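A.B. asks: just coords:
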């Protein structure tokens, strides 16, 4: 985040401006509590934050390897020290992208990693995304794409730092559970 931009906004609009930058779910919960305190609704914000902090069911079995697409052309992903990376971790996935922050990711690296699942946080249907991935000459070489192991999730549930992260984590946990079960995806 850019401190000078925040100061500029504050000067332009004449009211206090705060920039909260969360790199994990617990920081989102803390941010919700801060905002609630500033707005005089501490009790409500604490309740929302506690829902985010509440541990989900204990994860059992192996972690499913995943690649999460932040952008396709060029290919971008999220790694360590990102909110999205933490959401993946809490959902039962291991991130194949060994990067820090939001980074471009080489197709060669992705093809070498061969994740169990390809996750696309987009406003689209699974069928449409799967068709697009299969039409891409490089991405169609991924086993997970050939086998249809593609998860499409509403980006608002995994990319936005707010209370709905809990829904995104639950949906991704369900997908990880299906992939790690003997029945499969």
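C.D. replies: Ah, there it is. This one's a predicted model, so the numbers in the text were calculated from it and none came from an experiment.

A.B. asks: could I get the average pLDDT for stretch 66-79?
C.D. replies: Here stretch 66-79 scores 96 as its mean pLDDT.

A.B. asks: roughly how far is it from the heart of the chain?
C.D. replies: 11 Å (Cα atoms, centre = their mean, to the nearest Å).

A.B. asks: contact partners for residue 162?
C.D. replies: 28, 32 (Cβ atoms under 8 Å, 6 or more residues apart in numbering). For the C-beta atoms, the positions are set from N, CA and C on the backbone; glycine is no exception.

A.B. asks: ignore what I typed, I meant residue 119.
C.D. replies: Contact analysis of residue 119 by Cβ under 8 Å, 6+ apart lists 66-69, 88, 93, 150-151, 153, 172, 175.

A.B. asks: who does whichever strand or helix holds it pair up with?
C.D. replies: Taking DSSP states H and E as the criterion, residue 119 maps to strand 117-121. Looking at strand 117-121 with DSSP bridges, its partner strands are strand 64-68 (parallel), strand 150-153 (parallel).

A.B. asks: could I get the average pLDDT for it?
C.D. replies: Mean pLDDT, taken over the full extent of strand 117-121, equals 98.

A.B. asks: what residues of that strand count as buried?
C.D. replies: By neighbour count with 16 or more other Cβ atoms under 10 Å, strand 117-121 contains the buried residues 117-121.

A.B. asks: closest one of those to residue 21?
C.D. replies: Nearest to residue 21 among the buried residues of strand 117-121 is residue 121, at 19.1 Å by Cβ to Cβ.

A.B. asks: and the nearest residue to that closest one once chain neighbours are set aside, how close does it get to residue 168?
C.D. replies: Nearest residue to residue 121, sequence neighbours excluded (Cβ to Cβ, 6 or more residues apart in numbering): residue 155, at 3.9 Å. With distances taken as Cβ to Cβ, to the nearest Å, residue 155 is found 9 Å from residue 168.

A.B. asks: can you check residue 99 too?
C.D. replies: 21 Å.
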